[in-house]
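**Student:** need a 3D model of the sequence below.
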Amino acid sequence: GFRQSSRRNQNSSVTLRDSKGETIAHRGPDTMRRLDATPSSVQALARAPWSVEVARPQAGSSGSFVRAAFELALLIAAAVGAALLVGVLAGRRLTRSLAALAAPAGAAAPGRTAPELIGEFESIRQQLAAAERRRQESEERYIAAFKTSPDSVSISRFPDGQHVDVNEGFSRMFGWDRQEAIGRSSADLSMWIDMADRKRLLDRIASHGEFANFETKLRHKDGRVLVVLLSSKLMQLGDERYALTLTRDITERKAAEEQLRKLSLAVEQSAAIVIITDRESRIEYVNDSFVQQTGYTREEAIGRIPSDLLGSGLTPPAVYDAMYRALEHGETWQGDFVNRGKDGRLRVNRARLSPLRQPDGSITHYVAVQDDITETMQLNAELDQHRLHLEELVAKRTAEVAQMRDELAERATAAEAANIAKSSFLAAMSHE
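**Tutor:** Coordinates of the predicted model:
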């Protein structure tokens, strides 16, 4: 309160009035008459429809009190006006201070002086100014985020869905200009492929106030179908409710995922063994054929080195040397391994090993594709045996034929000699 000032000016008073002339706060005797509205007696506040009246006797009063009252009133008005816009806490402090000002002169809290009260209001004014700056900065950040977001951001009235505002990301994603979208809903723009999805989203936001990462399909202005993720939150602004919706285009990601899924199925269901290792040759992945052919589970294989897990000791060391030498140079290698399964059975695997490169060219993994050629090798061995046997048979038969041919030739020669002798004998007999 103004104990010191009021002791010096027992007949002075200060009154704070609103635009209707009603008293907000009063300090001093009620018998003083109101002064004329001169600049020295009534001050209109810059940002509030209030006035401050200072009443004093005709004989005059302390000018310092009047000046202090005006300064204090101005600080009060500034603080109160800002408090109504920004903070409840500051408003409560201001209310307590106004209550102190409105109390009778003798009822002021002991120990409270005018400079202390002015200091309190100055502190409130600074707090309110800082809060206002923070609010403006927050608004600027929101506007910047809204405008520059690569995702589609829209504000629509709930529940009819009419767009109040959309950002540039919305226009880039769906092809609709801001002027075309405002005042129309996504249904009006024929964006929904499945209207049942739209109903589910509206029901969700009506019951929970928000939803996140709802996958659906929306139509571009040119007719293309986009796969998107929708997230929305309901906001109350005055008497209206609005939905702030963020939409992310995941069409390319879904296509890549589908391609990866097909590749994964092809690898997993391949009849060949597929092994992926890190650069230290430790297994990170094996497919189902590996499990079926070797008898080892994925858990047993992960982290092991293939040659340690499957080595039989029958593969020549030169094969491994050639393999590591090729891989160290980033080359593909092909060769045969004699592997031993968990059950002890030996299998011959024809392997093709290749390095896996990242986009920057660095090698991070190796992939091995192995075909079980055990049966093929056995069939080839059997065929070789049959071929050798056949060759032996053919050679033997050829020899027999040659012998028979020689014998026939000899017989033919003897017969011819006999014929010649016979002919000579008959000729001799005929002369006799």
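**Student:** is D278 in contact with T364, as I believe?
**Tutor:** Yes - with contact defined as CB atoms under 8 Å, D278 counts as touching T364 (7.4 Å). To be clear about C-beta, it is placed using only N, CA and C from the backbone, and glycine gets the same treatment.
**Student:** V267 belongs to a strand, doesn't it?
**Tutor:** No - V267 is assigned helix when assessed by DSSP: H, G, I helix; E, B strand; the rest coil, not a strand.
**Student:** my read: it touches V286, true?
**Tutor:** No - the pair V267 / V286 is not scored as a contact, 10.3 Å apart, by CB under 8 Å.
**Student:** settle it for me: which of those two has more neighbours?
**Tutor:** Set V267 next to V286 and count neighbours by other CB atoms under 10 Å: V286 wins out with 24 against 17.
**Student:** how about the contacts made by that one?
**Tutor:** Going by CB atoms under 8 Å, 6 or more residues apart in numbering, V286 touches I273, V274, I275, I276, Y296, R298, A301, I302.
**Student:** that older thread, need the overlap of contacts for V267 and V286.
**Tutor:** V274.
**Student:** before we move on, back to that, out of D278 and T364, which sits in the busier spot?
**Tutor:** A count of neighbours by other CB under 10 Å puts D278 above the other of D278 and T364, at 13 against 10.
**Student:** which residues are in contact with that one?
**Tutor:** Residues near D278 by CB under 8 Å, 6+ apart: E284, T364, H365, Y366.
**Student:** so what's the gap between the host helix or strand of the second one and the chain middle?
**Tutor:** Assigned by DSSP states H and E, T364 belongs to strand 363-372. Centroid separation between strand 363-372 and its chain, computed with CA atoms, centre = their mean, to the nearest Å, is 31 Å.
**Student:** packing partners for that strand?
**Tutor:** With contacts taken as 3 or more CB pairs under 8 Å, 6 or more residues apart in numbering; DSSP states H and E, strand 363-372 sits against strand 273-278, strand 346-357.
**Student:** picking that back up, so which of the contacts of V286 is the closest to H386?
**Tutor:** Ranked by distance to H386 (CB to CB), the contacts of V286 are led by I273 at 30.0 Å.
**Student:** who's the closest residue in space to the closest one that isn't next to it in sequence bridged to?
**Tutor:** Among residues not flanking I273 along the chain, Q370 sits closest, at 4.1 Å (CB to CB, 6 or more residues apart in numbering). Taking DSSP bridges, one obtains I273, A351 as the residues bridged to Q370.
**Student:** pLDDT value on Q370, please?
**Tutor:** Note on Q370: pLDDT of 95.
**Student:** what's the answer for the one 4 residues further on, then?
**Tutor:** Predicted confidence (pLDDT) at T374: the value is 90.
**Student:** doesn't R347 make contact with it?
**Tutor:** Yes - with contact defined as CB under 8 Å, T374 counts as touching R347 (4.7 Å).
**Student:** settle it for me: which of the two has more neighbours?
**Tutor:** Using other CB under 10 Å as the criterion, T374 and R347 rank with R347 on top: 20 against 16.
**Student:** thinking the more buried one is in contact with D336, fair?
**Tutor:** No - assessed by CB under 8 Å, R347 is found out of contact with D336, at 10.6 Å.
**Student:** ok, back up a step: please identify the deepest-packed of the helices and strands packed on strand 363-372.
**Tutor:** strand 273-278 (a mean of 19; mean count of other CB atoms under 10 Å).
**Student:** show me which positions of the helix or strand that that one is followed by end up buried.
**Tutor:** Toward the C-terminus, strand 273-278 is succeeded by strand 283-286 as the next helix or strand (DSSP H and E). For strand 283-286, the neighbour count (16 or more other CB atoms under 10 Å) marks I283, Y285, V286 as buried.
**Student:** cool, stretch 185-199 as well?
**Tutor:** Neighbour count says stretch 185-199 has S185, S186, L189, M191, W192, D197, R198 buried, by 16+ other CB under 10 Å.
**Student:** ditto for stretch 165-180
**Tutor:** Going by neighbour count (16+ other CB under 10 Å), the buried part of stretch 165-180 is V166, N167, E168, G169, F170, S171, M173, F174, W176.
**Student:** of those, which is the nearest to H386?
**Tutor:** Among the buried residues of stretch 165-180, M173 lies closest to H386 (CB to CB), at 69.6 Å.
**Student:** which residues touch the closest one?
**Tutor:** Going by CB under 8 Å, 6+ apart, M173 touches D151, S152, H220, L226, T247, D249.
**Student:** what about 6 Å?
**Tutor:** M173 makes contacts with S152, D249, as judged by CB atoms under 6 Å, 6 or more residues apart in numbering.
**Student:** and what of S149?
**Tutor:** By CB under 6 Å, 6+ apart, the contact list for S149 reads N167, G169.
**Student:** can you find the helix or strand in the chain with the smallest mean pLDDT?
**Tutor:** Lowest on mean pLDDT, DSSP states H and E among the helices and strands of the chain sits helix 3-8, with a mean of 39.
**Student:** dump the helices and strands packed on strand 363-372 into a markdown table; add distance to A130 and mean pLDDT as well.
**Tutor:** A markdown table is the format used below for these (distance: least, CB to CB, whole Å; pLDDT from 0 to 100):
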| stretch | distance to A130 | mean pLDDT |
| --- | --- | --- |
| strand 273-278 | 55 | 96 |
| strand 346-357 | 55 | 94 |
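**Student:** fine by me, thanks again.
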